[in-house]
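# build me a model from this:
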Amino acid sequence: MRRKYAHRIKKPAELMLVPMIDIFTVLVTFLLMTAVFSRIAIVELDLPSAAGAPATEPAFRLEVIVRQAGFELSNGKEVIAAVPKVDGAYDLKTLSELAYALKQDHPEQEDASVLLEPAISYDDMIQAMDAIRSVDSPATGGAAPTRVSLFTNIAVGDAP
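Predicted structure coming up:
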C-alpha cells in the first residue's frame, strides 16, 4: 500500500533565488545607466540687512538694475550705461563686455549689486548675475580665451 501512495507524496517546493537575483541585477544596472545625475550649483548671496550699512563706503560699487526695458549700470550715484533689450531679450553679451571694461578700470573691486524690478523673472536675475560674475577674456596673440572673474561678491535687492 505504501508503494502505491508513495508517488503521490511530494517534496516541499524549493524557492529558486538565482532567477530573482538575475532580474534584480539587470534592473539595478538599467536604473544606474539611465539615471540622470544633476549638478547643483550653490551661489552665496549677500542680502541687504536692516541692521546697518558698512561704516566705509567703497569708492566704486557696480549696480546692475534689471528693468523690463533692459539693464542699467550705475555706481550708486549716477547711471554709467543703459543696455536695452534686443529683439525682446536681455543683451547679456553687452552687459558682460561693460562689466569687463569696468573691471579693467577698477581691478580691486569685487562687489556688485543686482537690483530687480518686481516683475523680473528668477531666470533673468540668474543670467544677469552670471554675466557680471565672470567672462571669457578676449583672445590675444592666438591664445585661447580664458575665464576671468569679474564681480564675484553679488548682493540682490529691489530696484529704486
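
# need the single longest helix in the protein, by residues.
Identified as the longest helix of the chain according to DSSP state H is helix 18-34.

# what ranges do the helices span in this protein?
Counting by DSSP H, the helices of the chain are 2-6, 18-34, 92-105, 122-133.

# nearest to residue 150, out of those helices?
Ranking the helices of the chain by proximity to residue 150 (CB to CB) places helix 92-105 first, at 4.7 Å. For the C-beta atoms, the positions are set from N, CA and C on the backbone; glycine is no exception.

# alpha carbons of the closest one, in CSV - could you do that?
The C-alpha coordinates for helix 92-105 follow below in CSV (Å, rounded to 0.1, in the frame of the first residue of the first chain):
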residue,chain,number,x,y,z
LEU,A,92,23.8,89.7,-21.8
LYS,A,93,26.8,89.9,-24.1
THR,A,94,26.9,93.7,-23.9
LEU,A,95,26.4,93.5,-20.2
SER,A,96,29.4,91.2,-19.8
GLU,A,97,31.5,93.5,-22.1
LEU,A,98,30.6,96.5,-20.0
ALA,A,99,31.3,94.7,-16.7
TYR,A,100,34.7,93.6,-18.2
ALA,A,101,35.6,97.2,-19.1
LEU,A,102,34.5,98.4,-15.6
LYS,A,103,36.6,95.6,-14.0
GLN,A,104,39.6,96.9,-16.0
ASP,A,105,39.1,100.4,-14.6
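
# could you list the low-confidence segments of this structure?
The model of the chain has pLDDT under 70 over residues 1-9, 37-58, 138-143.
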